[in-house]
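Peer 1: fold the following for me, if possible:
(one chain, ligands or ions: 3)
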Amino acid sequence: MTSYVSAFARGSRDMAGLLGGKGAGLAEMTRLGLPVPPGMTVTTEACRVYLDSGTEPPEMAGELEEGLLALEKETGRTLGSNQDPLLVSVRSGSRFSMPGMMDTVLDIGLNNVSVLGLAAASGKERFAWDSYRRLLQMYGRTVMGVDGQHFEDALAHLKHDRSLKQDQQLDVADLQEIVGRYQAIILRESGEEFPQDPRAQLRCAVRAVFSSWNAERARLYRRREHISDALGTAVNIQAMVFGNLGADSGTGVAFTRDPATGSAGAYGEYLSDAQGEDVVAGIRDAVPLAELERLSPACYRQLLGHLQTLEGHYRDLCDVEFTIERGRLWLLQTRVGKRTAEASFRIAYALVDEKVISDRTALERVDGEELTRLMFPQFAADPARAPLARGLAASPGAAVGRAVFDSAAAVRSAGRGEACVLIRRETTPDDLPGMVAAEAVVTSRGGKTSHAAVVARGMGKVCVCGAENLTVDAAGRRATTGAGTVVAEGDLLSVDGTTGAVHLGALPLESSPVGSFLENGRSTGALTDAVARSLRHADSARRLKVYANADTPHDAALARRLGAEGIGLCRTEHMFLGTRRPLVEAMILAADEAARAKALDALLPLQRQDFVGILEAMDGLPVTIRLLDPPLHEFLPDRTALSLRLAATPSPAAHDVELLAAVERMHETNPMLGLRGVRLALTVPGLITMQVRAVAEAVAERLRAGGRPRAEIMVPLVGAVEELRLVRDRVEQVLAEVAAETGTRIDCPIGTMIELPRAALTADRIAEAADFFSFGTNDLTQTTWGCSRDDAEAAFFPLYFKNHIFETSPFTSLDTEGVGLLITMALEKGLASRPGLTTGVCGEHGGDARSIHFFHRAGLDYVSCSPYRVPAARLEAGRATLRPAEHSDSR
Ligand code: ADP
Ligand code: MG
Ligand code: MG
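Peer 2: Ligands and ions are numbered 1, 2, ... in the order given. All right, here's what the predicted structure looks like:
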């Protein structure tokens, strides 16, 4: 039996796929016997049918009617009746929580007649007309597509005519007037009357929720969070309860622990005499949850009890939406709550200590991205510095950027590559693109559970909200502080989401507690303890080793402190830049072998010193040194600039003329696919001779000094085993020469990068001449897709995201289907022809969680990533071992 409508009492938490997260949570709370207003859920299946075919499944209408009759029976009320009417909310709710992304309509069932019934039953005429006004506004906007501004304007007009400041001052007659005007607006703007038939209201509202799944902002959020567009949303239809019936009523949000820091103890906000959406929208300022103890001790105690029940049941931080109607507590929503990175680590290990979850579960609940975020530097403390404004520390971190005052400006700024801070009075879902684009979000209104705070925390964005000292003038593109200081668009700001301070100018940064701990090993509290425990666990569980990409002794030492077990990629190109560039230039311009040898001889000792330093920093651990990879013209001046300069000089220097000739000679239409990598080694053999000699001499020097150098030489861009054979012969010859000269034994494995499809396809042959494979997944992705990253990302990737050709850039997260296939194939072939072959990854994917999980499954020996990603990679390599079976690449 397929059923498209399910009463709350029939569902459970395991049915989130069908009922959505909100529906599953409501069902679970109902099952637990918690006070939930009754209702039912229209399934995601029904939504998918609707979105695919354009109409509801035929059975749905009947099931909905049946459910409604049951609801009427249970509540003893009738939808839209003229006496004590049943009203319902129609709430969206997908599998994964999308805060504020989808539309919810409250007070369905009110019309010109039932509003009188509500007034009579509640004994509050004003409340009834205010509810009707709200319905018309929400319904008009979300169901009938009327621009919400029309309603705002009408309300403002009336208040102006009556010389009123606040909505609360509107009396019954005013509200009746507004209701009339709103109905006229709906008719004028949509061409249709507001439906007086309550069942028609319900039907159309359900349909509107279905359709809101494809609203632009919902799509954007899903893309960012890697949520599949195919899931659809469920719709919850629930009997209304009213928090706006006076001082003994109210509404709030509560967490079982502090979602910002992870500290124990219930936490939240409460707004008396208000409807649920008022809190989330940050319209009025809520009071801390603790105040509820004074306002309504009985409800407060009950709420704490329910919070405990829920946390014990879900074994995790939960948040709830609750409403108190005339002294009676109702729960309207629960879910495992979003939290900051700090709270994530602290709560996971607090729950381990409380014996609620296992170590294994704790490791599942933290992740590398959070760990990396905790390592970000923070502003150096300076008690003497007075902030420009202070608000609530809603989402931690330090951000510096230029002030912008609307979403579009933030998007433009990010497009120019300029960091910005989005300043708003409060945010709405329409601000989402700007929030994504900005480094930080600052609002002047709203609490820690306002839209801005919830969304920023979810995205890991810095956020300060409720900075009341700021008056934000979005139209005038500026904000003014109480003291009269003006922040104009483009002014530099420093936003501290950890303390809630906003400063003018760019403040100096210092390392975070977690950053310091990871480098020096000294734990300083609950957070660093939790991080240490997670890493200890991951290190003992993981099979993948974690190396770093490092080109200098400084980076090598840093990587080692952060736990790197070797260097997977030491690039030698930067060693040819700066003051050494003239030497490289001389080598390139050399007229004959003697001149070239002279230039190379000058480079040799410099390069040797580089290697000595790196081998020393990584003593005892492998250091994979890549022979020069980029095309040589990268070391020469820019062609256009040089020819312009020469054209403007009457009698140019001979050197410059030669230089231009060389630049012209070496110019390539497509340097990425040109004379580089192993091709360069074969064309300019003196170059690699020098490089290998520098490595070998450095090894000898380190051995003499009593060290344990473990250099390895890596040949880039090989496509055929013959290329590698030729280079390998040359390398072995130089190693033997230096061994003989210095009288030392030099053990130096020689391997290759696999970064061309042909190398992967012929990996069995290539393995005959390689001691190790290192997958250069950046180039392998470029060459497999046949696109250059620099050109592609700006030119057509946005279009590709939009059309779901891929959900994430294949340069960020490995394309496991295509590039991944080449990797597994090359591994299999390589290991078949050389069983002891060492294999690793040195592309940027080595630091990406999803890619690391793939590399673990593929059976590589190590991943190599930038030094600051090493702790996250260790954590993810450990997490990859936890659930090989149910690992999901896409949600
Ligand atoms: P969102 O997903 O944006 O939080 P919700 O569906 O949870 O949207 O609803 C928006 C607000 O309306 C919430 O504060 C919620 O508690 C409140 N609300 C929803 N249904 C009811 C109801 N039946 N009675 C009272 N308040 C409700
Ligand atoms: Mg909600
Ligand atoms: Mg490469």
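Peer 1: got the residues of this protein near ligand 1?
Peer 2: Counting by C-beta under 6 Å from any ligand atom, the chain comes close to ligand 1 at 37, 89, 91, 100, 104, 106, 238-241, 276-277, 280, 321, 323, 332-333. Quick note: C-beta positions are derived from backbone N, CA and C, even for glycine.
Peer 1: and with 5 Å instead?
Peer 2: Proximity of the chain to ligand 1 (C-beta under 5 Å from any ligand atom) is limited to residues 89, 91, 104, 238, 240-241, 276-277, 321, 332.
Peer 1: tally of neighbours for the residue of the chain found nearest ligand 1?
Peer 2: Sorted by distance to ligand 1 under C-beta to the nearest ligand atom, the residues of the chain start with Gly276, at 2.3 Å. Number of residues near Gly276 (other C-beta atoms under 10 Å) recorded here: 24.
Peer 1: which one is it nearest to, not counting chain neighbours?
Peer 2: Once flanking residues are discounted, Gly276 sits nearest to Thr251: 4.9 Å by C-beta to C-beta, 6 or more residues apart in numbering.
Peer 1: what sits against the residue of the chain closest to ligand 1?
Peer 2: For Gly276, the contacting residues are 106, 243, 251, 321, 323, 332, taking C-beta atoms under 8 Å, 6 or more residues apart in numbering as the criterion.
Peer 1: now do the helices in the stretch 201-350 of the chain.
Peer 2: Counting by DSSP state H, counting those that start in this stretch, the stretch 201-350 of the chain forms helices over residues 216-225, 276-281, 291-295, 297-314, 341-353, given from the N-terminal end onward.
Peer 1: and the contacts of stretch 632-646?
Peer 2: Counting by C-beta under 8 Å, 6+ apart, stretch 632-646 makes contact with 573, 576-577, 581, 584-585, 588, 652, 656-657, 659-660, 662-664, 666-668, 671, 675, 680, 684, all of which sit outside it.
Peer 1: hmm, the residue nearest to Gly276 is touching Leu329, no?
Peer 2: No: taking contacts as C-beta atoms under 8 Å, Thr251 lies outside contact range of Leu329: 10.7 Å.
Peer 1: so what sits against both of the two?
Peer 2: By C-beta under 8 Å, 6+ apart, the residues touching both Thr251 and Leu329 are 322-323.
Peer 1: more crowded one of these two?
Peer 2: The residue with more neighbours, out of Thr251 and Leu329 and counting by other C-beta under 10 Å, is Thr251; that gives 28 against 20.
Peer 1: the more buried one pairs with what?
Peer 2: Listed by DSSP bridges, the beta-bridge partners for Thr251 are Leu271, Thr323.
Peer 1: how close does it get to ligand 3?
Peer 2: Applying C-beta to the ion, to the nearest Å, one obtains 57 Å for the distance of Thr251 from ligand 3.
Peer 1: list the contacts of the closest residue to Val320 other than its chain neighbours.
Peer 2: In space, not counting the residues next to it along the chain, Val320 is nearest to Thr334; the distance is 4.6 Å by C-beta to C-beta, 6+ apart. Thr334 sits next to 25-26, 28-29, 310, 314, 318-321 when contact means C-beta under 8 Å, 6+ apart.
Peer 1: gap between Thr334 and Leu295?
Peer 2: As judged by C-beta to C-beta, to the nearest Å, Thr334 and Leu295 stand 22 Å apart.
Peer 1: equivalent analysis for Arg335, please.
Peer 2: The gap separating Arg335 from Leu295 is 25 Å, by C-beta to C-beta.
Peer 1: more crowded one of those two?
Peer 2: Under the neighbour definition other C-beta under 10 Å, Arg335 and Leu295 were set side by side, and Arg335 has more, 23 against 15.
Peer 1: quick check: that one touching Leu317?
Peer 2: No: between Arg335 and Leu317 there is no contact, the gap being 9.8 Å when judged by C-beta under 8 Å.
Peer 1: find the centremost residue of this structure, please.
Peer 2: With distances taken as C-alpha atoms, centre = their mean, Met459 lies nearest the centre of the chain, 5.1 Å away.
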